[in-house]
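A.B. asks: everything below, folded, please.
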Amino acid sequence: MKRILVAELYKNAEKYANEEVYVCGWVRTARDSKTFGFIELNDGSFFKNVQVVYEDTLSNFEELTKLTVSSSLRVTGKLALTPEAKQPFEIKAIKIEIECLSPVTYPLQKKGHTVEFLREYAYLRPRTNLFNAVFRVRSMAARAIHKYFQEQGYVYVHAPLITANDGEGAGEMFQVTTLDLDKVAETGKVDYDRDFFGKHVGLTVTGQLEGEAFAMAYGNIYTFGPTFRAENSNTKTHASEFWMIEPEMAFCDLEGLMDIEEDMLKYIVKFVLDNCKEEMEFLNKFVAPGLIEKLTKLLDSKFTRIDHEDVITILKEAKVDWEFKPEYGEDIAKEHEKYITEYFGGPVFIKNWPKDIKAFYMKQNEDGKTVAAVDLEVPSAGELMGGSQREENYDKLVNRMNELGMSTKGLEWYMDLRKYGSCVHSGFGMGFERLLIYLTGVENIRDVIPFPRTPKNCEF
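C.D. replies: Here you go, the predicted model:
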């Protein structure tokens, strides 16, 4: 008999009513009495379990009464509709085969566990309700991202993971080498000519620069892949390995960029709400009360667009005892991000930032003081996306690099893009895990990544 997924049973229960079905899965809970027992079985295809009822007429009844959490089973039985009960249907077992009886020492027994404890068992935590929900939302959000850009005609580009450029200050790089570091330590010398690539290379901190090259051929492209930052930071929103979405659009200015960011975010949020109903209801109830209301409100909101200078004015005029005093020409802090989204009652695009605190490749505005950069701030999560119109003028780009004392070595190809058919173009980056924190209400980035990599932590 062909195996049927629990998700299919929930989708088409009436179709299988009174029919014999065959399911496989893992025991979430098991309880029994003298003549019958109940098993909550989950096969990973659906957030909810299926209830299996068995009686003492089964040949292995005694063995079944000793079932433990996380044991794996194969169940054949008749599907009975139970509209009057808590669950919409149950399976009355005809045959239950125990594939693997989990020992009673299984670490995640049916009781409450802290997220800190569960991080120690990252290989088991997808079996808990919390992480089962989080990682299915992660999967669905990734699907939504690809679906959005593919429907819009974007080309998906795989930016290199090993690179010789650091995106100019995007973050500290992990070095990649085949040199014997013990010998390097003995001699005190590093001969990169003898290294695998013959030069100093590292793991990528951004795929933006390569993305721009492809945008100059395809028009609209996006990258979606892992990036790495060797920053010794232990905050709730930093990880050493994370995923980034980085679209680049030719013939697109700053206003057009903000249009795309808003449209994309609303698309992803709606897709997740529509396709992860059970998971979102669980997260809304047990993790972040009001989560669904917050996300639904975003779908109906018009994102505010305001200059950085005007934001600083609002912050300065606010009757708030700031921990970090807002200043013109400087970055804003988390407390400022929170205030400004509450002030406008929704997401806010902060645009036209001081050029002295932004990267060399950003479009220089005519005022000579600012660049056409934009950050999207969202309620409760702060900065979610950062982007800019890119500087398309070769001379201005070179002059800016010289102002910053940057070496052009290794970036000649990037500069040449401004010679060979340059055009107005823009792009942005969105940290995938930051998005997931926003979507799930889970506060720590370590809990939205399957196997988190952070300073002094590279387990599993």
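
A.B. asks: give the burial count for the residue nearest to residue 5 when sequence neighbours are not counted, as a bare number.
C.D. replies: On the basis of CB to CB, 6 or more residues apart in numbering, the spatially nearest residue to residue 5 that is not a chain neighbour turns out to be residue 45, at 4.0 Å. Every C-beta, even on glycine, is put in place using the N, C-alpha and C of the backbone. Neighbour count of residue 45, defined by other CB atoms under 10 Å: 15.

A.B. asks: contacts only, for residue 45.
C.D. replies: Under the criterion of CB atoms under 8 Å, 6 or more residues apart in numbering, the contact list for residue 45 reads 5, 6, 7, 8.

A.B. asks: pick out the most distant pair among the residues you listed.
C.D. replies: By the measure CB to CB, the contacts of residue 45 have their two most distant members at 6 and 8, which lie 7.2 Å apart.

A.B. asks: and these two? which has more neighbours close in?
C.D. replies: Set side by side, residue 6 and residue 8 show unequal neighbour counts under other CB under 10 Å, the larger going to residue 6 at 22 against 16.

A.B. asks: the more buried one contacts residue 42, correct?
C.D. replies: Yes - taking contact to mean CB atoms under 8 Å, the distance of 7.0 Å between residue 6 and residue 42 places them in contact.

A.B. asks: which residues of the stretch 51-200 of the chain fall in strands?
C.D. replies: With strands called from DSSP state E, counting those that start in this stretch, the stretch 51-200 of the chain shows them at 72-81, 89-100, 155-156, 162-163, 175-176.

A.B. asks: where exactly do the strands run in the stretch 351-460 of the chain?
C.D. replies: The residue ranges that make up the strands of the stretch 351-460 of the chain, judged by DSSP E, counting those that start in this stretch, are 370-378, 382-390, 425-431.

A.B. asks: who touches the lowest-mean-pLDDT helix or strand in the chain?
C.D. replies: When each helix and strand of the chain is scored by mean pLDDT, DSSP states H and E, helix 181-187 comes last, with a mean of 89. Among residues not part of helix 181-187, those counted as contacts by CB under 8 Å, 6+ apart are residue 190.

A.B. asks: and it, C-alpha only, in PDB?
C.D. replies: These are the backbone C-alpha positions of helix 181-187, laid out as PDB (Å, rounded to 0.1, in the frame of the first residue of the first chain):
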ATOM      1  CA  LEU A 181      49.300  27.500   9.600                       C
ATOM      2  CA  ASP A 182      51.700  25.800  12.000                       C
ATOM      3  CA  LYS A 183      54.500  26.400   9.600                       C
ATOM      4  CA  VAL A 184      53.400  30.000   9.100                       C
ATOM      5  CA  ALA A 185      53.500  30.400  12.800                       C
ATOM      6  CA  GLU A 186      57.000  29.000  13.000                       C
ATOM      7  CA  THR A 187      58.400  31.200  10.200                       C
END
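
A.B. asks: neighbouring strands - and their directions - for the next helix-or-strand element following that helix?
C.D. replies: Secondary structure here is assigned by DSSP states H and E; on that basis, the next helix or strand after helix 181-187 toward the C-terminus is strand 201-203. In the sheet containing strand 201-203, its partner strands are strand 162-163 (antiparallel), strand 175-176 (antiparallel), by DSSP bridges.

A.B. asks: and the average pLDDT for the last one is what?
C.D. replies: Read it as strand 175-176. Mean per-residue pLDDT for strand 175-176: 94.

A.B. asks: how far off centre is the least confident helix or strand of the chain?
C.D. replies: On the basis of CA atoms, centre = their mean, to the nearest Å, the separation between the geometric centre of helix 181-187 and that of its chain is 39 Å.

A.B. asks: measure the residue nearest to residue 237 when sequence neighbours are not counted to residue 433 for me?
C.D. replies: For residue 237, ignoring the flanking residues on the chain, the nearest one in space by CB to CB, 6+ apart is residue 445 at 5.4 Å. Relative to residue 433, residue 445 is positioned 5 Å away (CB to CB, to the nearest Å).

A.B. asks: what of residue 417?
C.D. replies: According to CB to CB, residue 417 stands 30 Å off from residue 433.

A.B. asks: shared neighbours of residue 6 and residue 42, anything?
C.D. replies: What both residue 6 and residue 42 touch, as defined by CB under 8 Å, 6+ apart, is the set 25, 48, 49, 50.

A.B. asks: which one of those residues is nearest residue 77?
C.D. replies: Ranked by distance to residue 77 (CB to CB), the shared contacts of residue 6 and residue 42 are led by residue 50 at 10.0 Å.

A.B. asks: contacting residues for residue 414?
C.D. replies: The contact partners of residue 414, by CB under 8 Å, 6+ apart, come to 165, 209, 212, 213.

A.B. asks: among the residues you listed, which one is most surrounded by other residues?
C.D. replies: The most crowded member of these is residue 209, carrying 23 neighbours; neighbours defined as other CB under 10 Å.
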